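In: When you get a sec, could you give me coordinates for this:
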Amino acid sequence: MSADQGRFSGKVALVTGASRGIGAEIAKKLAAGGAAFIGVHYANNRDAALKVVDEIQALGSKAVALQAELTDGISAVNKLWASFEEAVRSEVGAVQLDILINNAGIAPSSPFEETSLETFEDVINVNVKAPYFLTQLASPHIRDNGRIINISTGFTRVAGPMHTLYSASKGAIETLSLALAPHFASRNITVNAVRPGTTDTEMNKDWLVIPEAYAQAASVSAFGRIGTTEEVADVVVFVASEEARWVTGQYIDATGGSQL
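Out: Purely as a prediction, here's the structure:
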């Protein structure tokens, strides 16, 4: 975990889907960079979220675990923001936010013909509705020079026939990032999307343990291997930093050169 000490000094962040994987790594890197307070959202793995909170606090930042099952739709988004508001007001004395990372996402794999309405609604609730309305709720409280970062997928660039719904939802998020960039620009708030490729996360562990599947996934990258959560988080942390102040409305590819 490498972030310049003080890079995020005094910053307040909220990271959705931060109990594990890429989200957890992002939250810890923000803490390593000196963030003052970090909201760690989780859906149902409370123990994992509390472990991330402990790791953040060991790095010298304050943090809180925030539970919300985003498949429940707008009520869950409202619950998450209300919990964050209460926590950040208690910790820093005011409702404010500098860095919003919309990372939470679900990616069911199935043939197009077998996608159910229930699955469709769950994916749209988590991958589209939650970031849209969470950003809307956060908007009045994001301080000038803030950052909004939406986590997308390489499937918006490379076809994923078994992930049609997931791909479509992330395509919506990329278009949203583009549309919101000029909206927030007057306050020097940047809005960008980061596209991870296949990454060694708990979400992928069940199939990455299959040697043939791992080899096939690794072969897609120009580097001939699977990416790590740290490598993706490093890109996100750069986009969240002052160094990326002149980058907005962009889709930053962090797929390791998939199918170049």
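
In: Return the distance of stretch 249-260 from the chain's centre.
Out: Distance of stretch 249-260 from its chain centroid, counting by C-alpha atoms, centre = their mean, to the nearest Å, is 16 Å.

In: what pLDDT, on average, does it get?
Out: On average, the pLDDT along stretch 249-260 is 93.

In: Go through that stretch and flag the buried ones.
Out: Gly249, Gln250, Tyr251, Ile252, Asp253, Ala254, Thr255, Gly256, Ser258 (16 or more other C-beta atoms under 10 Å). For glycine as for every other residue, the C-beta is placed from the backbone atoms N, C-alpha and C.

In: Widest-spaced pair of those residues?
Out: Using C-beta to C-beta, the buried residues of stretch 249-260 span at most 23.3 Å, a distance reached by Gly249 and Gly256.

In: Quick check: neighbours of the helix or strand hosting Asn150 in the sheet, parallel or antiparallel?
Out: Assessed by DSSP states H and E, Asn150 sits inside strand 142-151. Using DSSP bridges, the strands paired with strand 142-151 are strand 97-102 (parallel), strand 190-196 (parallel).

In: What residues sit buried inside it?
Out: Buried positions in strand 142-151, judged by neighbour count with 16+ other C-beta under 10 Å: Ile142, Gly146, Arg147, Ile148, Ile149, Asn150, Ile151.

In: Can you give me the neighbour number for the closest residue in space to the first one that isn't next to it in sequence?
Out: It refers to Ile142. Once flanking residues are discounted, Ile142 sits nearest to Leu97: 5.1 Å by C-beta to C-beta, 6 or more residues apart in numbering. Per other C-beta atoms under 10 Å, the neighbour tally for Leu97 reads 25.

In: quick one: contacts for Leu97?
Out: By C-beta atoms under 8 Å, 6 or more residues apart in numbering, the residues touching Leu97 are Val12, Ala13, Leu14, Val88, Ala138, His141, Ile142, Arg143, Gly146.

In: how far away is it from Phe84?
Out: Distance, Leu97 to Phe84, using C-beta to C-beta, to the nearest Å: 8 Å.

In: what's the overlap in contacts for the two?
Out: Counting by C-beta under 8 Å, 6+ apart, the residues touching both Leu97 and Phe84 are Leu14.

In: Give me the phi and psi for Ser241.
Out: phi -90, psi 170 (degrees, to the nearest 10).

In: What is the burial count for it?
Out: Using other C-beta under 10 Å, Ser241 is surrounded by 18 other residues.

In: and the residue nearest to Ala65 when sequence neighbours are not counted, how far is that from Gly171?
Out: Spatial nearest neighbour of Ala65, chain neighbours left out: Ala49 (4.0 Å); criterion: C-beta to C-beta, 6+ apart. To Gly171, Ala49 is 29 Å away according to C-beta to C-beta.

In: higher neighbour count, the two?
Out: Neighbours per residue (other C-beta under 10 Å) separate Ala49 from Gly171, with Ala49 holding more: 25 against 16.

In: need the next SSE after whichever strand or helix holds that one, C-terminal direction.
Out: In this assignment (DSSP H and E), Ala49 forms part of helix 46-58. Downstream of helix 46-58, the next assigned helix or strand under DSSP H and E is strand 62-67.

In: Partner strands of that following strand, with direction?
Out: Strand pairing (DSSP bridges) places strand 62-67 next to strand 37-42 (parallel).

In: Give me the distance from the partner strand to the chain's centre.
Out: Taking the mean of its C-alpha atoms, strand 37-42 sits 11 Å from the chain's own mean (C-alpha atoms, centre = their mean).
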